[in-house]
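Participant: Provide a 3D model corresponding to the input given below.
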Amino acid sequence: MAIMNVVILAAGMGKRMQSNLPKVLHRLAGKPLLMHVIDTARSLQPSRLCVIFGHGGDAVPKLIASLPNAPAAPAIATVLQEPQLGTGHAVQQALPFLDDGVPTLILYGDVPLTRPATLARLLAAAGPDKLAILTMDVAQPHGLGRIVRENGAICRIVEQKDASAAEAAIHEINSGILVVPTVKLKQWLAAISNDNAQHEYYLTDIVALAVADGVPVVSAQPDSEAEILGVNSKVQLAELERIHQRAIAEALLEQGVTLLDPARLDVRGSLTCGRDVSIDVGCIFEGKVELADGVAVGAHCVISNATIGAGAQIRPFCHIDEARVGPASMIGPYARLRPGTELGEDVHIGNFVEVKNSRIDAHSKANHLTYVGDSTVGTRVNIGAGTITCNYDGVNKLRTVIEDDVFIGSDSQLIAPVTVGKGATLAAGTTLTRDAPAGKLTVSRPRQVTIEGWQRPLKKS
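Facilitator: Numbering: from 1, shown residues only. Reported below is the predicted structural model:
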């Protein structure tokens, strides 16, 4: 990969977004638009990386400061553009941070889907001494800068508001993404003016200056129009979301994943699937999710930062967050696995069961209306309906231990810290406040009494 500077322009207000949040911080596939661009830029291994911000106070620098360091990636410089006087003025703010010895790639914080392979082609076209522009022929060029050519060579770019009728009829448009020799970039930016309809300093004016200086102006094209689409409104954001999700769905289908409806899938992170995986409609995958061979995910599940073992069945309407589900397990419907949950092989977690920060070993089950929190559960344990591990005393989280082959009757409360010994049985309705010995029946409930002669109170007429 060629060594280059990268400048990302992210100072725009985004008035049409109708939001106090800076435009580049609105989310696409669960990640800020700007983060998509930064991740792409980092993948190119630039020598220097600079983000120009403006509207939204320090929200953009705060986001960048919170990012983990990427391997072999430079620190990201942030520079305020104030006031905002156009794209040329924005790039001027980055000039002190750039290395003159390498070209500069200019990207946009609201154009999130440009692929690294496309940018690599653009960099290759530019080489060390050419100005290269990412262009594309589009059916609807209105509002976009047109590429004006003479004898096939690019001679200038004209903005929509400054275009003549003949220029407005051109369908080759400027994406705004370009690569420039850095020394020349500094010279040309010093020479541009704001004598135009917008009274702004256009970065695109450097093209005519390059032609005048005899610097070759070349172009490269993306593989799809989605790579150059920007976001200026919530409508465009929603459209780009569906384009992006459809691309993810098609890639999964090509890998052999069965999607009951590719149009009703949302991946907001990374989703890795084994063979013969099936995903029903309306599912959301967040963060890093791994589905092993033969996993089936029912409709309308939300799975975040989780690993699902081979052959597991996730029934509809389950929420799984930072959990590990063992192979051949059966989850749901309407189950919730909270962070710290680890399930062994063939564990059954049924409807309206919640598990948090607990280990449940192989062949155990909690099939109905149960809460298991801060617990260690052995193998072949049956937890009856309505059981609660009472793990919080108002200050501390306390642990419950349920050993192998335990049977817990319905409507039991286990008040931690407490241990239920191997093979023990708790009778239904038991409130356990002390350890239950292994292999024995423990009962904790008052004797049933019938009151003779009692009458239920009646409402007054």
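Participant: use CA for all of it now, contacts and neighbours both
Facilitator: Will do.
Participant: which is the next helix or strand following the longest helix anywhere in the chain?
Facilitator: In the chain, with assignment by DSSP state H, the single longest helix is helix 234-254. On the C-terminal side of helix 234-254, the closest following helix or strand by DSSP states H and E is strand 258-259.
Participant: residues in contact with residue 371?
Facilitator: Contacts for residue 371 (CA atoms under 8 Å, 6 or more residues apart in numbering) come out as 353, 354, 355, 386, 387, 388, 389.
Participant: state the distance from residue 428 to residue 245.
Facilitator: Computed as CA to CA, to the nearest Å, the residue 428 to residue 245 distance reads 49 Å.
Participant: typo on my end, it should be residue 19
Facilitator: Taking CA to CA as the measure, residue 19 falls 24 Å from residue 245.
Participant: now do residue 75
Facilitator: Going from residue 75 to residue 245 by CA to CA gives 30 Å.
Participant: residue 291 too?
Facilitator: Separation of residue 291 from residue 245 (CA to CA): 18 Å.
Participant: for those two, indicate the residue with more neighbours.
Facilitator: Taking neighbours as other CA atoms under 10 Å, residue 291 and residue 245 compare with residue 291 leading, 23 against 20.
Participant: my read is that the more buried one contacts residue 304, right?
Facilitator: No - with contact defined as CA atoms under 8 Å, residue 291 does not reach residue 304; the gap is 11.6 Å.
Participant: name the residues contacting each of the two.
Facilitator: Common neighbours of residue 291 and residue 304 (criterion: CA under 8 Å, 6+ apart): none identified.
Participant: any weak-confidence spans in the stretch 1-150 of the chain?
Facilitator: Applying pLDDT under 70 to the stretch 1-150 of the chain flags the ranges 1-2.
Participant: can you rerun that using 80?
Facilitator: 1-2, 13, 56-57, 69-73 (pLDDT under 80).
Participant: can you pull out the strands in it?
Facilitator: Ranges of strands within the stretch 1-150 of the chain are 5-10, 27-28, 31-32, 48-53, 76-80, 103-108, 131-137, 146-150, based on DSSP state E, counting those that start in this stretch.
Participant: to the chain's geometric centre, what's the distance from the first one?
Facilitator: Same thing as strand 5-10. Centre-to-centre, strand 5-10 and its host chain are 22 Å apart (CA atoms, centre = their mean, to the nearest Å).
Participant: how about the last one?
Facilitator: From the chain centre to the centre of strand 146-150 is a distance of 38 Å (CA atoms, centre = their mean).
Participant: report the angle between that strand and strand 131-137.
Facilitator: Interaxial angle, strand 146-150 versus strand 131-137 (axes from the mean of the first three to the mean of the last three CA atoms, to 10 degrees): 110 degrees.
Participant: CA atoms only for strand 146-150, dumped as PDB, please.
Facilitator: The C-alpha coordinates for strand 146-150 follow below in PDB (Å, rounded to 0.1, in the frame of the first residue of the first chain):
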ATOM      1  CA  ARG A 146     -19.700  17.900 -13.000                       C
ATOM      2  CA  ILE A 147     -16.400  16.600 -14.600                       C
ATOM      3  CA  VAL A 148     -15.600  18.800 -17.600                       C
ATOM      4  CA  ARG A 149     -13.300  17.200 -20.100                       C
ATOM      5  CA  GLU A 150     -11.600  18.400 -23.200                       C
END
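Participant: within the helices and strands, which one has residue 366?
Facilitator: strand 365-368.
Participant: who does that strand touch, helix- and strand-wise?
Facilitator: strand 348-351, strand 382-383 (3 or more CA pairs under 8 Å, 6 or more residues apart in numbering; DSSP states H and E).
Participant: for that strand, which strands pair with it and how are they oriented?
Facilitator: Sheet partners assigned to strand 365-368 using DSSP bridges are listed as strand 348-351 (parallel), strand 382-383 (parallel).
Participant: give me the neighbour count for residue 216.
Facilitator: Counted with other CA under 10 Å, residues neighbouring residue 216 total 17.
Participant: ditto for residue 222
Facilitator: The criterion is other CA under 10 Å. On that basis, residue 222 has 19 neighbouring residues.
Participant: ok, the spatially closest residue to it that is not a sequence neighbour - contacts?
Facilitator: Closest residue to residue 222 apart from its sequence neighbours, by CA to CA, 6 or more residues apart in numbering: residue 118 at 5.5 Å. Counting by CA under 8 Å, 6+ apart, residue 118 touches 221, 222, 223.
Participant: take those residues and lay them out in CSV including secondary structure.
Facilitator: Formatted as CSV, the contacts of residue 118 follow (DSSP: H, G, I helix; E, B strand; the rest coil):
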residue, secondary structure
221, coil
222, coil
223, coil
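Participant: got the domain boundaries for this structure?
Facilitator: Domain ranges of the chain: 5-228, 234-442, per automatic domain parsing.
Participant: so which of the ones you listed gets nearest residue 448?
Facilitator: domain 234-442 (12.1 Å; CA to CA).
Participant: between the two ends of that closest one, how far is it?
Facilitator: With CA to CA, one end of domain 234-442 sits 60 Å from the other.
Participant: please apply the same query to stretch 291-302.
Facilitator: By CA to CA, one end of stretch 291-302 lies 13 Å from the other end.
Participant: same check on stretch 271-288?
Facilitator: Length of stretch 271-288, first residue to last, CA to CA: 6 Å.
Participant: let's have the chain start at 37 instead
Facilitator: All right, first residue 37 from here; so that's stretch 307-324.
Participant: outside of that stretch, which residues touch it?
Facilitator: Stretch 307-324 has contacts (CA under 8 Å, 6+ apart) with 66, 292-298, 300-306, 325-342.
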